[in-house]
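K.L.:
next come a sequence and a model predicted from it.
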Number of protein chains: 2
Amino acid sequence: MSARPDTREQILDAAETLLQQRGFNAFSYQNISQPLGIRNAAVHYHFPTKGNLGAALIDRYRRRFHAWVAAHRRRGSDPATLLNGYFAIPLNYLRHDNCVCPLGVLEAEFNAIPDDMRVATRALDAEIREFLAGVLRDGREQGQFQFAGLPEAKALVVVAALQGALQIARVAGPTAFRDTLRQLKCDLGMDVRSATAAEGTGPGAHPSRETN
Amino acid sequence: MSARPDTREQILDAAETLLQQRGFNAFSYQNISQPLGIRNAAVHYHFPTKGNLGAALIDRYRRRFHAWVAAHRRRGSDPATLLNGYFAIPLNYLRHDNCVCPLGVLEAEFNAIPDDMRVATRALDAEIREFLAGVLRDGREQGQFQFAGLPEAKALVVVAALQGALQIARVAGPTAFRDTLRQLKCDLGMDVRSATAAEGTGPGAHPSRETN
DNA sequence: ACCTACTTACTTAGTAGTAAGTAGGTTGAT
DNA sequence: ATCAACCTACTTACTACTAAGTAAGTAGGT
């Protein structure tokens, strides 16, 4: 009966889906343990407190993102490829039963999560925006994107809009997100083909469904 | 001891702050009753279930927004004034201890709120985006704004970015929101003065602090 | 003999929600 | 004008449940 010995990772997978579907304060240890066929105390064994679980989850998001960026750097991807690869992350969330961006959830509940989670959240946000600002700067220099203003400010608009659009897609349907993405590309002077569907799972590789 | 007979409205005020500060699933009846010096059951008297409270709160947001739009219509405000007035709403939230957009919170927790709240949330989102798309369309026709694409898509980008930026401001500080707003205006070909500070409280008039 | 990865059984502290009682004001019939 | 009936806006006291977290025990591998 030891088909999946990696209980710890399965717990994180379950927590990830629950976080992006319901929010941190709207799921319990039982929501994790029951589907996995284990006991609440088993979850506590791996993650003594819920805050530890949350912080470990955010750290995993960060490691995945770092690895994804590193892989692209090795491949020497150009700015347009990097940006389309980044767009694939929320597109994956969207396909995954309208999951929202983890950063959005954590920031919305920021005053109701433990301190170690806040620190990790801040770090993830900074890393993503720093990456994106670099991509936008390089892309503009190389003539792949057109926009006015600082790359940091444009990166802010892009991440904020993607994050917000995933949330809006919850009430307005997935086309709301796709329309937002198309407009963002248009505002960057990019080629507006729907595309980027087969861009690979990227760092936002969501556990359930396709991992079966 | 009847300084404030309007308990019902005070409950909604408290719930509003709690929603935008902590999220719907991260506050309890006690968080409302205790500061008001009343009992939990008094809250249940006015709002039998937490879902009723939440739905009533969203309905109040909607009524405030309708009244605000109607007031501007009577005044015959031009698109730029309307848009700057709309921008004043999240700017007020920001000043109010980094409150986030109620729609963002509700959408993030969408799978963890009762059904009547979902219906009301959907309605509020549709009303806001419809209003904004109209403003953007008129403004472009009158030469006040410049942008490519459909007004509906541009409205989506604007509301999504504002919503997301309020959340990001939680972890990155208020300048993150202001930078996002400046970039959005820049992308619309608007005059980029910081301004719009004394735009009045508008429909996002938050209860506590200044109402004292 | 010990470690890892659990389980069973429990505690403590909340949560939303309810039932029944009550103070004070309003209404209506006599 | 007075008294009974009733309504609004609560209170006290409770139920039923769920939450996170802990202590102690155990099976199986090293």
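P.N.:
All right, it came through fine.

K.L.:
mind listing what's buried along stretch A:89-105?
P.N.:
A:89-94, A:96, A:98-105 (16 or more other Cβ atoms under 10 Å in any protein chain shown). Placement of C-beta: from N, CA and C, glycine included.

K.L.:
and chain B, which of those contact it?
P.N.:
Contacts with chain B within those, as defined by Cβ under 8 Å from any Cβ of the partner chain: A:Val100, A:Leu103, A:Gly104, A:Val105.

K.L.:
which one of those residues is nearest A:Leu57?
P.N.:
Distance to A:Leu57 across those (Cβ to Cβ) is lowest for A:Val105, with 11.0 Å.

K.L.:
for chain A, what spans make up the helices?
P.N.:
Taking DSSP state H as the test, the helices found in chain A are A:7-22, A:29-36, A:40-46, A:50-75, A:79-95, A:102-108, A:115-141, A:151-172, A:174-187.

K.L.:
is it true that A:Arg140 touches A:Gln146?
P.N.:
Yes: with contact defined as Cβ atoms under 8 Å, A:Arg140 counts as touching A:Gln146 (6.9 Å).

K.L.:
looking at the two, which is more packed in?
P.N.:
Shown here are A:Arg140 and A:Gln146; by other Cβ atoms under 10 Å in any protein chain shown, A:Arg140 has more neighbours (18 against 11).

K.L.:
which one is A:Leu83 nearest to, not counting chain neighbours?
P.N.:
Distance criterion Cβ to Cβ, 6 or more residues apart in numbering or on different chains; nearest residue to A:Leu83, sequence neighbours excluded, is A:Val135 at 5.5 Å.

K.L.:
per-residue pLDDT, the residue nearest to A:Ala55 when sequence neighbours are not counted?
P.N.:
Nearest residue to A:Ala55 in three dimensions, chain neighbours excluded: A:Asp116, at 4.4 Å (Cβ to Cβ, 6+ apart). Listed pLDDT for A:Asp116 reads 94.

K.L.:
got a list of what A:Gly104 touches?
P.N.:
A:Gln163, A:Gly164, A:Leu166, A:Gln167, B:Gly104, B:Ala108, B:Gly164, B:Gln167 (Cβ atoms under 8 Å, 6 or more residues apart in numbering or on different chains).

K.L.:
with A:Gln30 instead?
P.N.:
A:Asn40 are the contacts of A:Gln30 under Cβ under 8 Å, 6+ apart.

K.L.:
distance of it from chain B?
P.N.:
Note on A:Gln30: its distance to chain B, by Cβ to the nearest Cβ, to the nearest Å, is 14 Å.

K.L.:
give me the neighbour count for A:Leu166.
P.N.:
By the criterion of other Cβ under 10 Å, A:Leu166 has 28 neighbours.
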